[in-house]
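Asker: Task: produce atomic coordinates for the following.
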Amino acid sequence: MQPQPHWLSKSRPKKPACSVSCNEIDRACPPPYRGAGVTARYRQRLPGRQYQSDEDLIRRAGNIATTIFHPVGTCKMGSDTMAVVDSQLRVRGLAKLRVVDASIMPTIVSGNTNSPVIMIAEKAAESILSEA
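Answerer: Take a look at the predicted model:
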């Protein structure tokens, strides 16, 4: 099941999300390249030229929007009562269940989360194999 963040679903003003329409992109090009020039050669892929009104653009932005943020820190590791997993990534109170992903990281790293998650997985694999 994929998380549904419901981008742009709040009722606050959404004008900044759709402030650049296809026509405004055309108008921003220097006159020699307008219309059949650069913008015709490099056609807009998303959201598409058929979406022109603010409402259309807001709806499409909400449908195709994504985030570059990687959720971390949702599953505290430690020995205190608030910790979900112990130092071996075992879920407290449940046998044979571990959390092996970015959620155990206390804060997000400054780079991509892929390498740290691979390291977490390798540590978990070592722990599991040592207990077997």
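Asker: Excluding chain neighbours, what is closest to residue 83?
Answerer: The shortest distance from residue 83 to any non-neighbouring residue, by CB to CB, 6 or more residues apart in numbering, is to residue 76 (4.8 Å). Backbone N, C-alpha and C define where each C-beta goes, glycine included.
Asker: cool, and residue 127?
Answerer: residue 88 (4.8 Å).
Asker: Could I get the pLDDT score of the one you found?
Answerer: Looking at residue 88, its pLDDT is 93.
Asker: count of residues packed around residue 116?
Answerer: Neighbour count for residue 116, taken as other CB atoms under 10 Å: 16.
Asker: Tell me which residues touch it, please.
Answerer: Neighbour list for residue 116: 102, 105, 109 [criterion: CB atoms under 8 Å, 6 or more residues apart in numbering].
Asker: Minimum pLDDT in those residues, which residue is that?
Answerer: Within the contacts of residue 116, lowest confidence goes to residue 109 (85).
Asker: worst-scoring helix or strand of the chain, pLDDT-wise?
Answerer: One helix or strand of the chain scores below all others by mean pLDDT, DSSP states H and E: helix 38-41, with a mean of 51.
Asker: continuing past that one, what's the next helix or strand?
Answerer: helix 54-64 (DSSP states H and E).
Asker: What is the neighbour count of residue 57?
Answerer: Quick note: residue 57 (other CB under 10 Å) scores 21 neighbours.
Asker: circling back to that earlier point, out of the contacts of residue 116, which are buried?
Answerer: 102, 105 (16 or more other CB atoms under 10 Å).
Asker: mind giving me TSV with the contacts of residue 116 and columns for distance to residue 95 and secondary structure?
Answerer: Listed next are these as TSV, based on distance: CB to CB, whole Å; DSSP: H, G, I helix; E, B strand; the rest coil:
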residue	distance to residue 95	secondary structure
102	24	helix
105	24	coil
109	31	coil
